[in-house]
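>>> Have a look at this prediction, sequence included:
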Amino acid sequence: MKKLLISSLFVAGMALGQIGVGIRIGPPPPPKVLRVIPRSPGPGYVWIGGYWYVVEGRWRWHAGLLDIAAVRGRGVGGAAA
């Protein structure tokens with residue numbers, strides 16, 4: 001009887017002692033925004049597409065942009081990486 005009481009308290013303690021964490025973002029993001037890629041301002045520029053990201057539980061669109069392409073082994077401006 002004593003073992004049954006101890007095991008019941010142990011199981012009840014485990015059931016009440018669990019912790020859960022939930023993150024609610026809401027509905028999935030809308031489809032990608034379609035946009036005409038603008039003309040490159042010069043050689044070495046590449047188009048970086050836009051993407052959705054979450055801010056305070058809501059989806060926001062980050063527009064695409066033209067940026068200078070990274071050269072392997074070099075950082076921005078040609079500095080050694």
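Received, thanks. This one's a predicted model, so the numbers in the text were calculated from it and none came from an experiment.
>>> And the helices in the protein, which stretches?
2-16 (DSSP state H).
>>> Low-confidence ranges, it, go.
1-2, 5-18, 25, 71-81 (pLDDT under 70).
>>> at 90 what do you get?
1-37, 43-44, 50-60, 69-81 (pLDDT under 90).
>>> what about the strands in it?
With DSSP state E, the ranges of strands along the chain come out as 45-48, 51-55, 58-62, 65-68.
>>> Just give the nearest non-adjacent residue to Ser40, would you?
By the measure of C-beta to C-beta, 6 or more residues apart in numbering, the closest residue to Ser40 outside its immediate chain neighbours is Leu66, 6.2 Å from it. For the C-beta atoms, the positions are set from N, CA and C on the backbone; glycine is no exception.
>>> who's in contact with the one you found?
38, 40-41, 45-48 (C-beta atoms under 8 Å, 6 or more residues apart in numbering).
>>> re earlier: of all the strands of the chain, which one comes closest to Gly20?
Closest to Gly20 of the strands of the chain is strand 51-55 (C-beta to C-beta; 20.6 Å).
>>> And for stretch 46-65, what's in contact with it?
Identification of contacts with stretch 46-65 by C-beta under 8 Å, 6+ apart yields 24-26, 29-30, 32-33, 35, 37, 66-69.
>>> and the strands of the chain as TSV, adding distance to Leu4?
Listed next are the strands of the chain as TSV, based on distance: least, C-beta to C-beta, whole Å:
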stretch	distance to Leu4
strand 45-48	65
strand 51-55	49
strand 58-62	52
strand 65-68	68
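>>> wait, which of those is closest to Ile19?
strand 51-55 (23.5 Å).
>>> any idea how far Trp61 lies from Val54?
Relative to Val54, Trp61 is positioned 11 Å away (C-beta to C-beta, to the nearest Å).
>>> and what of Gly42?
34 Å.
>>> Val46 too?
Taken as C-beta to C-beta, the span from Val46 to Val54 is 26 Å.
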